[in-house]
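*Asks:* need a 3D model of the sequence below.
(one chain, ligands or ions: 2)
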Amino acid sequence: MRDFSHLNLTYIKGIGPKRAELLKKELGVETALDLLMHYPVNYLDRTQITHIANFYGEEMNSVQIKGRFISFNTVGEGAKSRLTAIFSDGTALLEVVWFRKIKEIRKIYDLNKEYILFGSAKKFHQKWSIIHPEIDVPDAVTAQQGFRSVYPLTEKLRNAGINSRILMKWISVIISEKFELPEVIPLRILKKRNFPSRAQALKDIHFPTNKDALNRARERMKYEELYFLQLDIIKYTQTRNKDLKGYRFVRIGEYFNNFYRIALPFQLTEAQKRVIREIRQDVNSGRQMNRLLQGDVGSGKTMVALMVMLIALDNGFQACLMAPTEILAQQHFETLKELASQCGVTIALLTGSTRKKEREEIHDKLLNGDLQIIVGTHALIEDTVQFKQLGLAIIDEQHRFGVVQRAKLWKKNHGQLPPHVLVMTATPIPRTLAMTVYGDLEVSVIDELPPGRKPIETVLRYENQRNQVYASLGRELAKGRQAYIVYPLIEENEKLDLKSLEEGYELIKDTFPHYKVAMVHGRMKQAEKDWQMQLFASGQANILVATTVIEVGVNVPNATTMIIENAERFGLSQLHQLRGRVGRGGDQSHCILMSKIKIAKETRKRLEIMTSTTDGFVVAEADLKLRGPGDLEGTMQSGIAFDLKIASLATDGQILQIARDDAKDTLDRDPELILTEHIETKKELLSRNNNSIDFSRIS
Ligand code: ADP
Ligand code: MG
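*Replies:* Ligands and ions are numbered 1, 2, ... in the order given. Reported below is the predicted structural model:
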């Protein structure tokens, strides 16, 4: 027997160069093994035949019926023509309709011969009909199986006559006796986990004989996918760690200690303390730190950032903090300046709008070491910014920074070691995903809010309740509180959205004539934006009408109400980020999700997740389940684009954990995979790597 898993598909009868090309283009399927790894999305119990007389409702999805054609009839002419047939299963009649390949179909099927039809039937004018069903002869090869696989297909493939039944036929050819598939998971693990062999699993996935075998097969193939993904990531991480030496921050000195004793305005939470300890270990390990700090909005990441920067200073290094927007950089700068200047730290702000003269002065002072901390925007990564001794770079709200920009920071010290890197994000990435996506980053989590915070009350309100919503907003304003009113701004619709924002602004001004209303949106000039924000932040304006530009980081503790207009147009994670702008002081805060009256049931369910929890991780998990990991904000920019065929990061966390443990163990035993027992494992890893990501390019 020979392994023909990597053989070209044209080897199979029925697949010529044209179809091979189409399969490659539409499904990325090139070899026999690729086809085996094109997994069914669903299974139908072949023994399940429904009587037409028992159809109910308006539509019967994925039904199978068995019976005979009793007449064929061609209607219309030319491009508009169609073929209809009357089909009887002995209990009732049903109409079958074809719009394509009419002549061929008329020839293939005979009257009064038994067929099995599969498809979705619809009721029109009290009569059932089915369009382009899949048709089987009861004694076909595939009919011996208990289940029939349903494959994901594209419109183009269907038009070319490629359907689930044909795929099954081709796959059955591959899984014939001629076929041998080497095992790629080490036998040791296969035994320990009690998995079926690869060949068996693939057979069971396409032609399951019972549910049990199917479940075991699916589990094994999910495991396999995740095991190789983890081997890849762990291997990359190990090489990187080995190569990258880092500065040692051995001392905890005056800056840190003085600040802790004298200037720290509150008690750190246990979570903050734990994270600082984790970071201290990293920066004293002799290797470069690459750590992701996750913490829900308001959990106090900035304070952690400052204290870690002080450790850098205590060891004679400089530190920088980079933020994604001017407003945020400005805000960080003011917070840090107030705190740090009490300990005699020199600190400056560098953004795109810093004047030339001041900019040059900052450049000089960074180079000669007079400046210890620099806060800024992207302006910090320009080549002209060079440091005397940059020991630590902190990046806030990571999802706005690409991997490339992260890497640029490393080159700020000529010929010396790269700075330690701490990436802070409020986008709560579920652990399962973090492990996979940020395999190269260690992860710390602040999972506790400072004491005294009241959970934000979130409600869903409809357009016809606007008056009540404004009435309760009026009561909050009367107490001296401030409010955000947020509008979506989506690119394709920019003009319309701008209009609704401006109309909203006028409406609010009319409704609350005694209050001052500020407005910001992405189309404004930077200076105007800053001015409007400043009005609100300083308390001069009571209401801020804004687009999502306020999504990240703005801190106005007196703002206790947020109204989000057209909430149905936002993603859950984004709603959570927005909501985090309120609830930052000791007062009860409110978030009102406004929606039009008629929304789909799923949309309402989605929004109800927001009203039922304030836990960012729960929201993120739900978001992940609803949208799939590919859409999760931030993961795309992480630079790792992988494509899982069968496993799901949202639901297969347990398998992922096992796969990760086993992958670690495998590499501990045999770092280069040179043992005989790992020959096939290594081959598979290399072949998977060929068409996946190049980890060496990621910082
Ligand atoms: P985020 O994690 O969203 O960046 P911040 O660092 O902006 O959060 O902190 C939010 C607010 O909580 C700030 O006003 C900050 O001063 C305050 N804060 C941070 N840590 C604590 C603490 N341990 N106790 C009380 N207040 C805290
Ligand atoms: Mg923050």
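*Asks:* the residue nearest to L380 when sequence neighbours are not counted: how many residues sit nearby?
*Replies:* Using Cβ to Cβ, 6 or more residues apart in numbering and skipping the chain neighbours, the partner closest in space to L380 is M322 (5.2 Å). For the C-beta atoms, the positions are set from N, CA and C on the backbone; glycine is no exception. Using other Cβ atoms under 10 Å, M322 is surrounded by 28 other residues.
*Asks:* looking at this protein, which helix is longest?
*Replies:* Identified as the longest helix of the chain according to DSSP state H is helix 211-243.
*Asks:* who are the packing partners of the following helix or strand past that one?
*Replies:* Tracing the chain past helix 211-243, the next element assigned as helix or strand by DSSP states H and E is helix 254-258. Helices and strands touching helix 254-258, by 3 or more Cβ pairs under 8 Å, 6 or more residues apart in numbering; DSSP states H and E, are helix 301-314.
*Asks:* off-centre distance for the helix it packs on?
*Replies:* Using Cα atoms, centre = their mean, to the nearest Å, the mean C-alpha position of helix 301-314 is found 30 Å from that of the whole chain.
*Asks:* packing partners of the helix or strand just after that helix?
*Replies:* Counting by DSSP H and E, the next helix or strand C-terminal to helix 301-314 is strand 318-322. Here strand 318-322 is seen to pack against helix 301-314, helix 326-340, strand 373-376, strand 390-396 when contacts are counted using 3+ Cβ pairs under 8 Å, 6+ apart.
*Asks:* those: which one's closest to L226?
*Replies:* Evaluated over those, closeness to L226 peaks at strand 390-396, with 28.5 Å, by Cβ to Cβ.
*Asks:* hmm, that closest one touching ligand 1?
*Replies:* No. No part of strand 390-396 sits close enough to ligand 1 to count as contact by Cβ under 6 Å from any ligand atom; the gap is at least 7.3 Å.
*Asks:* got the angle between that strand and strand 318-322?
*Replies:* Strand 390-396 and strand 318-322 are oriented at 20 degrees to each other (axes from the mean of the first three to the mean of the last three Cα atoms, to 10 degrees).
*Asks:* burial of P133, as a residue count?
*Replies:* 21.
*Asks:* in this structure it contacts Y115, no?
*Replies:* No. With contact defined as Cβ atoms under 8 Å, P133 does not count as touching Y115 (9.2 Å).
*Asks:* if I look at F387, how far off is K18?
*Replies:* As judged by Cβ to Cβ, to the nearest Å, F387 and K18 stand 60 Å apart.
*Asks:* sorry, slip of the keys, the one I care about is G583.
*Replies:* G583 is 60 Å from K18, where distance means Cβ to Cβ.
*Asks:* which of the two has more neighbours?
*Replies:* The neighbour count for G583 versus K18, taken as other Cβ under 10 Å, is higher for G583 (26 against 10).
*Asks:* quick one, helices of the stretch 501-650 of the chain?
*Replies:* 526-537, 572-579, 601-612, 616-627 (DSSP state H, counting those that start in this stretch).
*Asks:* which bits of the stretch 551-699 of the chain sit near ligand 1?
*Replies:* Residues of the stretch 551-699 of the chain lying near ligand 1 by Cβ under 6 Å from any ligand atom: N555, R584.
*Asks:* in the stretch 551-699 of the chain, what residue comes closest to ligand 1?
*Replies:* Evaluated by Cβ to the nearest ligand atom, the stretch 551-699 of the chain has N555 as its residue closest to ligand 1, separated by 5.2 Å.
*Asks:* that residue contacts G585, doesn't it?
*Replies:* No. Counting by Cβ under 8 Å, G585 is not a contact partner of N555; they are 9.8 Å apart.
*Asks:* separation between the residue sitting furthest away from the middle of the chain and F259?
*Replies:* Relative to the C-alpha centroid of the chain, counting by Cα atoms, centre = their mean, N112 is the outermost residue, at 53.1 Å. With distances taken as Cβ to Cβ, N112 is found 91 Å from F259.
*Asks:* and for F99?
*Replies:* F99 sits 75 Å away from F259, taking Cβ to Cβ as the criterion.
*Asks:* more neighbours: which of these two?
*Replies:* For F99 against F259, the residue with the higher neighbour count under other Cβ under 10 Å is F259, and the figures read 19 against 13.
*Asks:* please consider this matter closed, and thank you.
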